[in-house]
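**Student:** turn this into a structure:
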Amino acid sequence: MNKETVIRRVFKPGVFLLCLIPLAVIVERALFGGLGANPVEAVNRFLGDWALRILLVTLTITPLVHLGGWPVLVRFRRMVGLFAFFYAVLHVSNYVIADQFFNWGDIWADIVKRNYITVGMGVIIILTALAVTSPKAMIKKMGATRWRKLHRLAYIAGIGGVFHYWMMIKADLLLPQIHAAILAVLLGYRLYRSKIKTRSL
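**Tutor:** The predicted structure is shown next:
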């Protein structure tokens with residue numbers, strides 16, 4: 001098999017299955033009583049955690065391409081980004097269905113009164129826009145420049161996701177701090193690259 005065939009038939013399915021592991025884990029816990037005393041909250045936090053983690057992985061791909069010289073990783077960025085959106089949608093759906101039972105009045109009150117939910121809803125709106133415009137056909141339709149500008153909002157989604165996580169956790173901030181540190185490195189790298197490009201002009 002040539003390189004293109006290996007990527008399409010081996011690595012892409014492998015990454016797809018790898019991204020499904022968190023879903024398999026939470027389903028296994030749900031089936032065999034591993035969700036603890038508050039299963040709805042456990043599912044919600046698990047799905048939200050993985051949405052943020054996979055989003056950070058997506059944002060890490062471009063620096064790895066630049067620093068590691070692995071351009072092939074770009075081929076997986078769209079898939080991984082869509083999985084971040086997938087887990088974010090499951091996270092919100094669990095909140096709307098299992099936690100609030102489609103009580104739109106209470107949901108709206110939460111969005112208005114609870115800052116971490118306000119921020120979280122903003123993140124899901126951004127991720128939806130990125131998911132809808134992710135197909136290659138949208139690059140031609142929007143134009144490459146506008147498409148790139150829109151997809152830079154992924155970093156805003158990352159910032160919002162970290163703040164959402166940080167505000168939601170009332171104790172033991174170690175994990176939010178780790179996520180924030182990773183995002184800070186990614187943002188710092190992006191700023192550094194922008195300055196280098198500006199100086200070279």
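**Student:** could you identify the longest helix within this protein?
**Tutor:** The longest helix of the chain (DSSP state H) is helix 39-68.
**Student:** okay, buried residues for that helix please.
**Tutor:** 42-63 (16 or more other CB atoms under 10 Å). From N, CA and C alone the C-beta is placed, and that goes for glycine too.
**Student:** can you check stretch 150-160 too?
**Tutor:** 151, 153-155, 157-158, 160.
**Student:** list of residues touching it?
**Tutor:** 52, 55-56, 58-59, 81, 119-120, 122-123, 126-127, 129-130, 133, 142, 183, 186-187, 190 (CB atoms under 8 Å, 6 or more residues apart in numbering).
**Student:** please flag which of the buried residues of stretch 150-160 sit within helices.
**Tutor:** For the buried residues of stretch 150-160, secondary structure assignment (DSSP H) places 151, 153-155, 157-158, 160 in helices.
**Student:** turn these into TSV, including pLDDT and distance to residue 12.
**Tutor:** Compiled in TSV, these are given as follows (pLDDT from 0 to 100; distance: CB to CB, whole Å):
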residue	pLDDT	distance to residue 12
151	93	20
153	94	25
154	95	21
155	94	25
157	97	24
158	96	24
160	97	29
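**Student:** for those residues, which one is nearest residue 16?
**Tutor:** residue 154 (20.0 Å; CB to CB).
**Student:** do you know how far the closest one is from residue 93?
**Tutor:** The gap separating residue 154 from residue 93 is 21 Å, by CB to CB, to the nearest Å.
**Student:** so where's this protein uncertain?
**Tutor:** Residues of the chain that meet the criterion pLDDT under 70 lie in 1, 197-201.
**Student:** so what's the residue nearest to the spatial centre of it closest to, chain neighbours aside?
**Tutor:** Among the residues of the chain, the one closest to the centroid is residue 55, at 2.7 Å (CA atoms, centre = their mean). Nearest non-adjacent residue to residue 55, counting by CB to CB, 6 or more residues apart in numbering: residue 84, 4.0 Å away.
**Student:** contacting residues around residue 119?
**Tutor:** Here residue 119 is in contact with 160, 163-164, 167 (CB under 8 Å, 6+ apart).
**Student:** what strand or helix carries it?
**Tutor:** Using DSSP states H and E, residue 119 sits in helix 115-132.
**Student:** how about that helix: buried residues?
**Tutor:** 117, 119-124, 126-127, 130-131.
**Student:** what's the closest of those residues to residue 29?
**Tutor:** Nearest member of these to residue 29, counting by CB to CB, is residue 120, at 22.5 Å.
**Student:** quick check: chain neighbours aside, which residue is closest to residue 179?
**Tutor:** According to CB to CB, 6+ apart, the nearest residue to residue 179 is residue 162 (5.2 Å).
**Student:** same thing with residue 128?
**Tutor:** Residue 128's closest residue in space is residue 85 (CB to CB, 6+ apart), at 7.1 Å.
**Student:** repeat that for residue 139.
**Tutor:** Computed as CB to CB, 6+ apart, the closest residue to residue 139 that is not its neighbour in sequence is residue 147, at 4.8 Å.
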